[in-house]
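Visitor: quick one, what's the 3D model for this:
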Amino acid sequence: MQLFFYNLSIFLYKAAILLASPWNQKARLWVNGRKKNLATIRQQAIGFNNTVWIHCSSLGEFEQGRPLLENVKKQFPDHKIVLSFYSPSGYEIRKDYPQANLVCYLPLDTKKNARHFLDSIRPSLVIFVKYDFWYHFLYACKNRQIPLLLVSARFRKQQPFFQWYGGFHRRMLTCFTALFVQDSPSRDYLSAIGLTENVFVSGDTRFDRVGTIAEKFEPVAIIEAFCGRNPVLVAGSTWPKDERLIRRFIDHFPDVKLIIAPHEIDPAHLNDLKKLFPASHTLSDIRDHPEKGVAQILIIDNIGLLSKLYHYATFAFVGGGFDSGIHNILEAAVFDKPVFFGPRFHKFREANDLLAAGGAFSVEDAASFKIAAEKILNNPDLLQKTSKIAGDYVRQQRGATEKILSFIQEKRLLTS
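Guide: Numbering: from 1, shown residues only. Here you go, the predicted model:
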């Protein structure tokens, strides 16, 4: 009966996306991306053997799984890499990712689609990053005895797996050959429902990813020129609620340069930002017209630069904490930067850890942000201390990728 309702929900979800697509860009990309999707995959995957299929829900999960993907590619160069996304925000940005032999949308989760997809790519190993549990794809892998790994997962007691009604969800977990979780509480939750022997606490591969980004950092001359010798606030992955708070905050600090990299860079949102910060320039402005001079506020109007921008911060604000939850604070912390964010952070382990250690600060409004920021701006010793705490935390947490790779090698999952 639960499977019937699951299939019905998939059908209804598709219908809702189709109805929304004429007016919603993401829905339109989702629909258009899946037109003739399986036929395209079948054509592009001709001749594929010894394939490793890695699935990511969106861009954040891709960055999380990227260290593992690239190390698998390096250690097993004869294997093909298939990278799938559920969300347009992941696929559209990484559809030309050179380390993968095929980048595609994950077809809608039906029994027929799962069969055709696996027939086309013929995987020897399947890796799901963090979450995105699709019943038919998981069971198709299990029934074909294809090794299936879940990596960098984190479980919470509120999830359906651990509720009285969660039998259907628990069955999906039994499809995995191994579950690599971020922390001990996740392992304990799984143990309570009978999953013990194939559960491993490996940590989070995001720490490895941001560590690599920091190690490979290259200066950005135009950003260096903008920052000068001023203290700098880098606000990354911001949403409108974050931006309104930052607008009130920055009025009190005329000597602080602000670099703001919004989560959405569509023209409508960029226009709203320019109205909110009327004295600002965009990155495109100062690239194309350097004669405009140096403003206090710089709006980043492209994708892909944020992880480098944090290098130039005195302190950072990471958005999302006034909406569904904060974005990646590790990208800032790895550069030894104290991190500020809104009140919705509790489901993020790294946020709780850094708050407890003193390398991060949660703020409720512009007033509390002003008070906390003044303390570190006016106290160089405190700034140095909080910065070191943030950076040390990231460095101490690295190593998840190596643990997962060791499992793949020891179990000979990619060798005959």
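
Visitor: using PDB, write out every CA atom in stretch 249-263.
Guide: The C-alpha trace of stretch 249-263 is given here as PDB (Å, rounded to 0.1, in the frame of the first residue of the first chain):
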ATOM      1  CA  PHE A 249      24.200  46.400   9.500                       C
ATOM      2  CA  ILE A 250      26.600  48.000   7.000                       C
ATOM      3  CA  ASP A 251      25.200  51.500   7.700                       C
ATOM      4  CA  HIS A 252      27.000  51.400  11.000                       C
ATOM      5  CA  PHE A 253      30.400  50.500   9.500                       C
ATOM      6  CA  PRO A 254      31.400  52.900   6.800                       C
ATOM      7  CA  ASP A 255      35.000  51.600   6.800                       C
ATOM      8  CA  VAL A 256      34.000  48.000   6.200                       C
ATOM      9  CA  LYS A 257      33.900  46.900   2.600                       C
ATOM     10  CA  LEU A 258      31.000  44.600   1.700                       C
ATOM     11  CA  ILE A 259      31.200  41.900  -0.900                       C
ATOM     12  CA  ILE A 260      27.800  40.200  -1.300                       C
ATOM     13  CA  ALA A 261      27.400  37.100  -3.400                       C
ATOM     14  CA  PRO A 262      23.600  36.300  -3.500                       C
ATOM     15  CA  HIS A 263      22.300  32.700  -3.800                       C
END
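
Visitor: hmm, who's touching that stretch?
Guide: Here stretch 249-263 makes contact (C-beta atoms under 8 Å, 6 or more residues apart in numbering) with 223, 226-228, 230-239, 243, 246, 269-270, 273, 277, 280, 296-300, 305-306, 309, 312-314, 319-320, 327, 366, 369-370, 373, 377. C-beta here means a position set from N, CA and C on the backbone, and glycine is covered the same way.

Visitor: give the contact list for W239.
Guide: Contact analysis of W239 by C-beta under 8 Å, 6+ apart lists P262, H263, E264, G319, G320, F322, D323.

Visitor: if I look at the fifth one, how far off is R344?
Guide: What that stands for is G320. For G320, the distance to R344 equals 7 Å [C-beta to C-beta, to the nearest Å].

Visitor: try the last one
Guide: Computed with C-beta to C-beta, the distance linking D323 and R344 is 7 Å.

Visitor: same check on the first one?
Guide: When C-beta to C-beta is the yardstick, P262 and R344 sit 18 Å from each other.

Visitor: between those two, point out the one with more neighbours.
Guide: For P262 versus R344, the count of surrounding residues by other C-beta atoms under 10 Å is larger for P262: 23 against 16.

Visitor: domains in this structure, by residue range?
Guide: Using automatic domain parsing, the domain parsing of the chain gives 2-203+399-410, 214-396.

Visitor: I'd like the average pLDDT over the longest one.
Guide: Averaging pLDDT along domain 2-203+399-410 gives 93.

Visitor: what's the answer for the last one, then?
Guide: The average pLDDT for domain 214-396 rounds to 92.

Visitor: and that domain, how far from the chain's centre?
Guide: 17 Å (C-alpha atoms, centre = their mean, to the nearest Å).

Visitor: start to end distance for that domain?
Guide: Between the opening and closing residues of domain 214-396 there is a gap of 14 Å (C-alpha to C-alpha, to the nearest Å).

Visitor: and if you look at the longest one?
Guide: The straight-line separation of the ends of domain 2-203+399-410 (C-alpha to C-alpha) is 37 Å.

Visitor: in contact with G203, which residues?
Guide: Applying C-beta under 8 Å, 6+ apart to G203 gives the contacts S152, Q182, D183, Q397, R398, G399, A400, K403.
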